[in-house]
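**Student:** What shape does this take:
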Amino acid sequence: MKIYFASDQHFGAPTPELSFPREQKFIQWLDIVKQDADAIFLLGDLFDFWFEYKTVVPKGFIRVLGKLAEIKDSGIPIYFFVGNHDLWMGDYFQKELNIPVYHDNQEFTFNDKTFLIGHGDGKGPGDMGYKRMKKVFTNPFSKWLFRWLHPDIGVKLAQYLSVKNKLISGAEDVKYLGEDNEWLVQYCKRKLETKEYNFFVFGHRHLPLEIELTENSKYVNLGDWIGYFTYGVFDGEKLELKEFKN
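**Tutor:** Numbers count the residues shown, from 1 in each chain. Down below sits the predicted model:
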């Protein structure tokens, strides 16, 4: 069994031109893992910004989208979780690529191992500024107002805020803060009080982390495809982080 996990590619940032080599590297990774993958999980922020108008989606990313379509059409399941940069994703992936899209954590079981999987934004204690902002962003009225902006204006505005606003970009805490201060670690520990999970798999933090919570439970943060190029792989028994060096 081989199940792969990746997160936080942020394609399009800081510019499409500078992002393009990272897109090519990610496509190389997809071409390699598709050879033995039983499933592929993408845990959000694939794009640095994504908004679906009724008849329009952001320009670009055609090679990534085409590769995902090819892999899905070959019969390999792909699961997509929205992040804080692509939380306005609607049904485009479902209709065009036949890839299910999740807006919150989901439970999965593989080979009798239980997983809780998600992007990780807004979970655990603290982070109140972002949590308030997320409520505004996901409010149907806010999305309705934004949809009235011409895409040339709306996308430019969103790209500017994505880079400049640390609450949106997640650029505030880029170093390991210790178990007591890592919100996702605290979130996982609280979850274990009511239910046993073998693996918690999240992104969002942009740091590759593997933390043993109990003898039978592990928290993994997938890092990113900006500076680390890390991914997770589950072989039926253990889940490990690896670095893609091609």
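**Student:** how close does the most centrally placed residue in the chain get to Phe80?
**Tutor:** In the chain, the C-alpha closest to the average C-alpha coordinate belongs to Gly44, at a distance of 1.9 Å (C-alpha atoms, centre = their mean). Applying C-beta to C-beta, to the nearest Å, the value for Gly44 to Phe80 is 8 Å. The C-beta positions use only the backbone N, C-alpha and C, and glycine is treated the same way.
**Student:** on that earlier part again, I'd assumed Tyr79 was in contact with the residue nearest to the centre of the chain.
**Tutor:** No. Shown here, Gly44 and Tyr79 do not form a contact pair, counting by C-beta atoms under 8 Å, at 11.0 Å.
**Student:** quick one, strands of this protein?
**Tutor:** Ranges of strands within the chain are 3-6, 39-42, 78-81, 101-102, 106-110, 113-117, 199-202, 208-214, 217-222, 230-234, 239-243, based on DSSP state E.
**Student:** Buried deepest among those strands, which one?
**Tutor:** Of all those, strand 199-202 carries the top mean neighbour count, a mean of 26, counting by mean count of other C-beta atoms under 10 Å.
**Student:** ok, longest helix in this structure?
**Tutor:** Using DSSP state H, we find that the single longest helix of the chain is helix 16-33.
**Student:** and it with strand 230-234, angle?
**Tutor:** Relative orientation of helix 16-33 versus strand 230-234 (axes from the mean of the first three to the mean of the last three C-alpha atoms, to 10 degrees): 20 degrees.
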